[in-house]
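Visitor: A structural model of the following input is requested.
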Amino acid sequence: MERKRNQFDLPGIYYFQAGNTYTGSKGKLRFRIDVDDQIHVACWRTPLCFELSEMEGRAEFPLTEEGYNGLIAWLDAEYAAT
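Guide: The predicted structure is shown next:
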């Protein structure tokens, strides 16, 4: 399967299905994605690290292609609100 491009340059769903954590940013939006049986994403807009920041948004998605697409849509909306 070809990797889908998105404005956050996230790795594909297989990266998350392997149990990997991902952190990234775009503009002032910072985010962290963790997985267990679901995709968990948290975002903040301060220059501090994840551990020292107050999260401004959190969401969970199924660990599927549909959940991955939902994650991208959620990040798009969070970025638009920045």
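Visitor: where exactly do the strands run in this protein?
Guide: Using DSSP state E, the strands of the chain run over 22-26, 29-35, 38-44, 57-62.
Visitor: now the angle from the last one to strand 29-35?
Guide: Same thing as strand 57-62. Taking axes from the mean of the first three to the mean of the last three CA atoms, to 10 degrees, strand 57-62 and strand 29-35 form an angle of 30 degrees between their directions.
Visitor: now strand 57-62 against strand 38-44, angle please.
Guide: Relative orientation of strand 57-62 with respect to strand 38-44: 160 degrees, computed using the same axes, to 10 degrees.
Visitor: hey, C-alpha coordinates of strand 57-62 in PDB?
Guide: Extracted as PDB, the C-alpha positions of strand 57-62 are listed here (Å, rounded to 0.1, in the frame of the first residue of the first chain):
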ATOM      1  CA  GLY A  57      -7.000  18.600  22.900                       C
ATOM      2  CA  ARG A  58      -7.200  14.800  23.000                       C
ATOM      3  CA  ALA A  59      -8.900  12.300  20.800                       C
ATOM      4  CA  GLU A  60      -8.900   8.500  20.300                       C
ATOM      5  CA  PHE A  61      -9.400   6.600  17.000                       C
ATOM      6  CA  PRO A  62      -9.600   2.900  16.100                       C
END
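Visitor: which residues touch Ala18?
Guide: Applying CB atoms under 8 Å, 6 or more residues apart in numbering to Ala18 gives no contacts. C-beta: built from backbone N, CA, C; applies to glycine.
Visitor: tell me the confidence at it?
Guide: The predicted structure scores Ala18 at 96 on the pLDDT scale.
Visitor: sorry, back to before: can I get the strands of the chain in TSV with mean pLDDT and distance to Ala81?
Guide: Below are the strands of the chain laid out as TSV (pLDDT from 0 to 100; distance: least, CB to CB, whole Å):
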stretch	mean pLDDT	distance to Ala81
strand 22-26	95	12
strand 29-35	97	9
strand 38-44	98	10
strand 57-62	98	9
